[in-house]
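Asker: coords below, sequence missing:
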DNA sequence: GCGACAG
DNA sequence: ATCTTGTCGC
């Protein structure tokens, strides 16, 4: 049976296997440019952005909206909110989320009046089959440090995560082939953990520290990602009617 | 063929 | 991601 073709833009069609082949090549070319070291001064962190998308469909056409919420790292006040929306042309394929979501993300970023110092994503970064989750991939277009924050676990090479202790701030590292891919982090007691990984230009300890500093009692997710999530749902309500 | 599978 | 109400518990 043949793979179903996918329409990308203006009548261009690709079959799934071709997409995966080309996408894998792109990810492999980016990998050598990843640096898991802080390319910034911690005490200069001011604006942190959370990025998320929501989807809906109309007559078999998939639409999406991307919302970016920027907060002041110290006061936790919302500084700016921007969004974009449009037709989604790339299918969701595990391991290739960035190719589906980046177009709308970059469109929304264009609308920001102040550039954030760091971006947090709803999804993985270095914790990925080829270390190229959306947080890492996106960093090359944003030119800023990024962090990946996933709500569920992406199992790699059959390796399960180790459940951290049930106390706020407890974590266990996700190690595969002697390499640390990411971290299972309990941001809130009595609530299931999240999965934090470096995006780019930041180390895992600092990523963990920043995520924990963005936790309040409202959610297990860091504030920027949580607010972006809520915002995309609001936008979908408006846009889908 | 079957199961796995960030969002 | 999305489809969906009430409900148990802190």
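Answerer: Received the coordinates, thanks. In this text, all values refer to a predicted model and were calculated from it rather than measured experimentally.
Asker: contacts, neighbours, all on C-alpha from now
Answerer: Fine.
Asker: For residue A:121, what is the enclosing helix or strand?
Answerer: Assigned by DSSP states H and E, residue A:121 belongs to strand A:118-122.
Asker: In its sheet, which strands sit next to that strand, and in what direction?
Answerer: Take DSSP bridges as the rule and strand A:118-122 pairs in its sheet with strand A:47-58 (parallel), strand A:146-150 (parallel).
Asker: quick one: contacts for the nearest residue to residue A:229 once chain neighbours are set aside?
Answerer: Among residues not flanking residue A:229 along the chain, residue A:52 sits closest, at 5.6 Å (C-alpha to C-alpha, 6 or more residues apart in numbering). Residue A:52 makes contact with A:66-68, A:121-122, A:225, A:228-229, A:232 under the criterion C-alpha atoms under 8 Å, 6 or more residues apart in numbering.
Asker: So is the longest helix along chain A next to DNA strand C?
Answerer: Secondary structure of chain A read by DSSP state H shows that its longest helix is helix A:223-239. Yes - looking at helix A:223-239 against DNA strand C by C-alpha under 7 Å from any atom of the strand, the contacts come from residue A:233.
Asker: and the angle from that helix to strand A:146-150?
Answerer: Taking axes from the mean of the first three to the mean of the last three C-alpha atoms, to 10 degrees, one finds that helix A:223-239 is oriented at 70 degrees with respect to strand A:146-150.
Asker: Up against DNA strand C, what does chain A have?
Answerer: A:53-56, A:233.
Asker: Just the buried residues from those, in PyMOL please.
Answerer: One line in PyMOL is enough to select the buried ones among these; burial here means 16 or more other C-alpha atoms under 10 Å:
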select buried, chain A and resi 53+54+55+56+233
